[in-house]
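*Asks:* quick one: sequence plus predicted model below, questions after.
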Amino acid sequence: MIRFFLLGSIFLVGATPRSGASDYLTEVLPIMKTYCWDCHSNETEVKGNVALDPEVLFDQIGTYNIIRPGNAAESGFVERLKLDETHNDFMPRKGKALPKPEIEKIEAWIQSGAIVDAKKPTEEEAKRLAEMKSTAPDPAAGTSADPMFQLWKNQEGRAIEAKLLGLEGNSAKLLLRNGKSYVVPLTSLDEESAAKARRLAAP
């Protein structure tokens, strides 16, 4: 199904793995201690079996867990932070929604690999980063091994890798490698990407 999606959620800062991964200890932990610690830390109490302490955070990270490395858009942890405050699953349950910049930091951390301590990555984390790096598109080349998948940038210069399915009015239909499709307004793309979409979709 083609769905309209806000660019800020798919054009993430870390849409392609970076050489220096975001770090939970320095970039995300302070946010957790401010907004989530009362209900999700072994220092206080742990609700929902979700502890955000660095030493046990690995239990929440994985392909099918609430924190999915390289896939912030489908991480249940992020989804709950973005719900309406009246929703039963909204988090933090006892507070207001996190500021957008704070959520974006969490998304960027997950997208870049969800590494707990970048200075001392575990063997599993190092392997994960290596795999992400090997499958990342080459920004200089502008395309991946599959010529149908190309880099698309928004007005802020953030990039994703996707296949153009066609144009729908003044929007581009983009298919991500995870199989999800989105309708993105051409006005939200940078000039080069918008022109590329029109050129590729031309009869």
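*Replies:* Structure's in. What do you need? Quick caveat: nothing in here was measured; it's all calculated off a predicted structure.

*Asks:* helices and strands of this structure: which one bottoms out on pLDDT?
*Replies:* Every helix and strand of the chain was ranked by mean pLDDT, DSSP states H and E. The lowest is strand 2-4, at a mean of 37.

*Asks:* what does the nearest residue to Ala201 once chain neighbours are set aside show for phi and psi?
*Replies:* The shortest distance from Ala201 to any residue other than its chain neighbours is 4.4 Å, reached at Leu167 (C-beta to C-beta, 6 or more residues apart in numbering). C-beta here means a position set from N, CA and C on the backbone, and glycine is covered the same way. Dihedral angles of Leu167 (phi, psi; degrees, to the nearest 10) stand at phi -110, psi 140.

*Asks:* surely Leu167 touches Lys173?
*Replies:* Yes. Counting by C-beta atoms under 8 Å, Leu167 touches Lys173, with 7.1 Å between them.

*Asks:* which stretches of this protein form strands?
*Replies:* Using DSSP state E, the strands assigned to the chain run over residues 2-4, 149-153, 159-168, 171-176, 181-185.

*Asks:* which neighbouring elements make contact with the third one?
*Replies:* Counting contacts by 3 or more C-beta pairs under 8 Å, 6 or more residues apart in numbering; DSSP states H and E, strand 159-168 packs against strand 149-153, strand 171-176, helix 191-201.

*Asks:* format the CA atom coordinates belonging to the shortest one as PDB.
*Replies:* Read it as strand 149-153. The C-alpha coordinates for strand 149-153 follow below in PDB (Å, rounded to 0.1, in the frame of the first residue of the first chain):
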ATOM      1  CA  PHE A 149      17.500   1.800  -6.100                       C
ATOM      2  CA  GLN A 150      19.000   5.300  -6.000                       C
ATOM      3  CA  LEU A 151      19.600   8.000  -3.400                       C
ATOM      4  CA  TRP A 152      17.000  10.600  -2.900                       C
ATOM      5  CA  LYS A 153      17.500  13.800  -0.800                       C
END
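
*Asks:* state the mean pLDDT of that strand.
*Replies:* Averaged over strand 149-153, pLDDT sits at 83.

*Asks:* angle of it against helix 191-201?
*Replies:* Interaxial angle of strand 149-153 relative to helix 191-201 (axes from the mean of the first three to the mean of the last three C-alpha atoms, to 10 degrees): 140 degrees.

*Asks:* got the angle between strand 149-153 and strand 171-176?
*Replies:* Relative orientation of strand 149-153 and strand 171-176, computed by the same axes, to 10 degrees: 130 degrees.

*Asks:* same for strand 149-153, what does it pack against?
*Replies:* Here strand 149-153 touches strand 159-168, helix 191-201, going by 3+ C-beta pairs under 8 Å, 6+ apart.

*Asks:* possible to save the ones you listed as a markdown table with mean pLDDT?
*Replies:* Written out in a markdown table, the entries for the helices and strands packed on strand 149-153 read as follows (pLDDT from 0 to 100):
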| stretch | mean pLDDT |
| --- | --- |
| strand 159-168 | 86 |
| helix 191-201 | 90 |
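
*Asks:* and of these, who's closest to Arg128?
*Replies:* Comparison of the helices and strands packed on strand 149-153 against Arg128 by C-beta to C-beta identifies strand 159-168 as nearest, at 18.1 Å.
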